[in-house]
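Engineer: any chance you can model this:
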Amino acid sequence: MRTGKIAGVEIVVNNWFLVLIVLFSIAGLASKVLLIFSAVLWHELAHALMAGGLGYKVRQVELLPFGAVARIDRLADAGAASEIMIAAAGPLASIGLAVLCYTGMAGAGPGRELLTFYGEVNIMLAGFNLLPALPLDGGRILRAILTGRRDYRDATAIVVTLSYVISCMLLLWAGVSYWLYSTLNLTLLVAAGFLLLTARTENNLAGFRALRILANKKAELTSSGVMPTNHLTAMESTIIKDVIRLFGPEQYNIVHIINRNFELCGALTETQVWEGLLKRGIKARIKEFL
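Structural biologist: Just a heads-up that it's a prediction; the model follows:
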């Protein structure tokens, strides 16, 4: 159900979310549920507004029964700096809201309990999202940092491995809690299952990212006739893997190839590199592409 727009971003309420509100209202917990989801909405809007400020089109934010999701066009094609800024915006917004809650508790009176609860919710939301696991914000930030030294697929594989480790730790935590207190923590189990499934999906999609980015660049260049270009210079003996890891997603790349005498041997467009890669493999030397 569409409820309106905030700063130009369409807000959609999932029907199951409405059912959840009704159920919690019957149980007398409606106010706390609404506070939780307002915190999640604030978190997602921060991502959306940052993405919009960086030039990405934000279509909508949907409230789901167990969270929210911001739908942002071409977000997966963002460069490392943009991805870090967009990912960090959510946790920073949650921490800022928590600070406001704690600073306002002094004169809150009867509302002190709700302010304390709301502050704790925002702190937990920020803390969980900063875990170095995909698709959480912390995992996206770590992957973006790793792409400075590795290609996107290798960086994704490293963070996915961390995601599996964190999932196992959450499962272990749930098991120890049950053994000690005879209480099953469903939140930990759901979080562990969520990370296991979504991290595997992220790993599967990483291999298609480069081709998707190239297709978007070609479409943009064809339609506008011009776009920003990044020029690279490589020795003719350079392994192609070391070249493509420097390809940024927000510019078209052209590689100039020189020999040991620093004479220009030729140049390759990004499209030629990727097409040649399919024939020659990731370990070929760039001179073989000429």
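
Engineer: quick one: Ala70 is in a strand?
Structural biologist: Yes - under DSSP: H, G, I helix; E, B strand; the rest coil, Ala70 sits within a strand.

Engineer: that one contacts Ala46, correct?
Structural biologist: No - contact status for Ala70 versus Ala46: not in contact, 9.1 Å apart, counting by Cβ atoms under 8 Å. The way it works is simple: take the backbone N, C-alpha and C, and place the C-beta from them, glycine included.

Engineer: any low-confidence regions in this protein?
Structural biologist: Scanning the chain for pLDDT under 70 picks out 1-8, 16-17, 20, 24, 27, 63-68, 76-77, 104-111, 207.

Engineer: any idea which helix is longest in it?
Structural biologist: helix 186-224 (DSSP state H).

Engineer: what packs against that one?
Structural biologist: Under the contact definition 3 or more Cβ pairs under 8 Å, 6 or more residues apart in numbering; DSSP states H and E, helix 186-224 sits against helix 152-181, helix 270-280.

Engineer: how distant is the helix or strand following it from the center of its chain?
Structural biologist: Under the assignment DSSP states H and E, the closest C-terminal helix or strand after helix 186-224 is strand 229-235. If you compare the mean C-alpha spot of strand 229-235 with that of the full chain, they lie 28 Å apart, counting by Cα atoms, centre = their mean, to the nearest Å.

Engineer: and this structure, what are its domains?
Structural biologist: Each domain of the chain is listed here as a residue range: 1-130, 135-222, 228-289, per automatic domain parsing.

Engineer: make a markdown table out of these and add mean neighbour count.
Structural biologist: Below are the domains of the chain laid out as a markdown table (neighbours: other Cβ atoms under 10 Å):
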| stretch | mean neighbour count |
| --- | --- |
| domain 1-130 | 17 |
| domain 135-222 | 16 |
| domain 228-289 | 15 |
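
Engineer: go ahead and flag the most central residue of the chain.
Structural biologist: For the chain, Arg140 is the residue whose C-alpha lies nearest the centre (Cα atoms, centre = their mean; 4.6 Å).

Engineer: ok, that residue to Ala88 distance?
Structural biologist: Applying Cβ to Cβ, to the nearest Å, the value for Arg140 to Ala88 is 9 Å.

Engineer: what does Val58 give?
Structural biologist: When Cβ to Cβ is applied, the distance between Val58 and Ala88 equals 17 Å.

Engineer: same deal with Asp242?
Structural biologist: Plainly put, Asp242 is 29 Å away from Ala88 if you go by Cβ to Cβ.

Engineer: straight-line length of stretch 139-154, end to end?
Structural biologist: In terms of Cα to Cα, to the nearest Å, the two terminal residues of stretch 139-154 are separated by 14 Å.

Engineer: and the contacts of that stretch?
Structural biologist: Contact partners of stretch 139-154, identified using Cβ atoms under 8 Å, 6 or more residues apart in numbering, comprise 80-81, 83-84, 86-88, 131-134, 155-156, 158-159, 162-163, 199, 206-207, 209-210, 241, 244-245.
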